[in-house]
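A.B. asks: Next comes the sequence, and after it the predicted model I'd like to discuss.
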Amino acid sequence: NGIDIKSADTARFFEGTLPNGLAFARNGEILISNFGTDCLEIMKRSGETKVLVDTIDGRELGKVNFVLRDSKDRVWITITTMKKNWIDALVPDLADGYIARYDERGIHVVAEGLHFTNEVRFDAKEEYLYCVETVGVKGGRIVRFRCDQNGDLHNKEVYGPNEWGQGAYPDGIAFDSFGNLWGT
């Protein structure tokens, strides 16, 4: 049929808009982490979309993977990598991912040096922020940070197994009503 599969795959994963994560703003608008445009967007109920954040500290955000809003209306985003071609970040020794917090004071890096940062979730009391590091030296893993009242993260620690093994690439996580953390 004349379709170049390799070109079609390239376009699908590297070109245009690639919404990867969604969260509702308090007013019902939709926050969008856009992996294709490397920015945090907001979509109004009318369908109009605009860029909310595309830089931090004077530099591009990087590959915006996930967005989460907490009970204090702070927005948390994960940046998987700073590499334009995110496939190049699927290596065990690259730790250029980070977590940023967006609030009334602007956007701030709150944790960095992460391996292919993916989804984040708070526990029920919002005392800990759990983060998926999809790729690492010995496979992916989950880490968590203590979150203080100001939204600053402290005391990074591995949560669960530290060595998931080659080929283990965790992606999404969620807590159930009993407080158990589930992942894909």
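C.D. replies: Thanks, I have the structure now.
A.B. asks: Where does the prediction get shaky in this protein?
C.D. replies: 1-14, 137-138 (pLDDT under 70).
A.B. asks: Nearest to the spatial middle of it, which residue is it?
C.D. replies: The residue lying closest to the centre of the chain (CA atoms, centre = their mean) is T78, at 2.7 Å.
A.B. asks: helices or strands next to the helix or strand hosting that one in the packing?
C.D. replies: Assigned by DSSP states H and E, T78 belongs to strand 75-79. Applying 3 or more CB pairs under 8 Å, 6 or more residues apart in numbering; DSSP states H and E, we find strand 75-79 packed against strand 30-34, strand 64-69, strand 97-103, strand 117-122. C-betas here are computed from N, CA, C, even on glycine.
A.B. asks: gap between the shortest one and the chain center?
C.D. replies: Taking CA atoms, centre = their mean, to the nearest Å, the mean C-alpha location of strand 30-34 is offset from the chain mean by 11 Å.
A.B. asks: Okay, now the sheet partners of that strand, with direction.
C.D. replies: strand 19-24 (antiparallel), strand 39-43 (antiparallel) (DSSP bridges).
A.B. asks: Next, the angle strand 75-79 makes with that strand.
C.D. replies: Here the directions of strand 30-34 and strand 75-79 differ by 10 degrees (axes from the mean of the first three to the mean of the last three CA atoms, to 10 degrees).
A.B. asks: quick one: contacts of strand 30-34?
C.D. replies: Contact partners of strand 30-34, identified using CB atoms under 8 Å, 6 or more residues apart in numbering, comprise 17-25, 40-43, 49, 52, 64-67, 69, 75, 77-78.
A.B. asks: switch the cut-off to 10 Å
C.D. replies: 16-25, 39-45, 47, 49, 51-52, 54, 61, 63-69, 75, 77-80, 102 (CB atoms under 10 Å, 6 or more residues apart in numbering).
A.B. asks: returning to that earlier point: within its sheet, name the partner strands of the strand holding T78 and how each one runs.
C.D. replies: By DSSP bridges, strand 75-79 pairs with strand 64-69 (antiparallel), strand 97-103 (antiparallel).
A.B. asks: need these in a markdown table with distance to L90 and mean neighbour count, can you?
C.D. replies: Below are the strands paired with strand 75-79 laid out as a markdown table (distance: least, CB to CB, whole Å; neighbours: other CB atoms under 10 Å):
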| stretch | distance to L90 | mean neighbour count |
| --- | --- | --- |
| strand 64-69 | 13 | 23 |
| strand 97-103 | 12 | 21 |
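A.B. asks: Redo the ones you listed as CSV? Include distance to T134.
C.D. replies: Below are the strands paired with strand 75-79 laid out as CSV (distance: least, CB to CB, whole Å):
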stretch, distance to T134
strand 64-69, 9
strand 97-103, 9
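A.B. asks: Out of those strands, flag the one nearest A124.
C.D. replies: strand 64-69 (14.1 Å; CB to CB).
A.B. asks: okay, the angle between that closest one and strand 117-122?
C.D. replies: 10 degrees.
A.B. asks: Cool, thanks, talk later.
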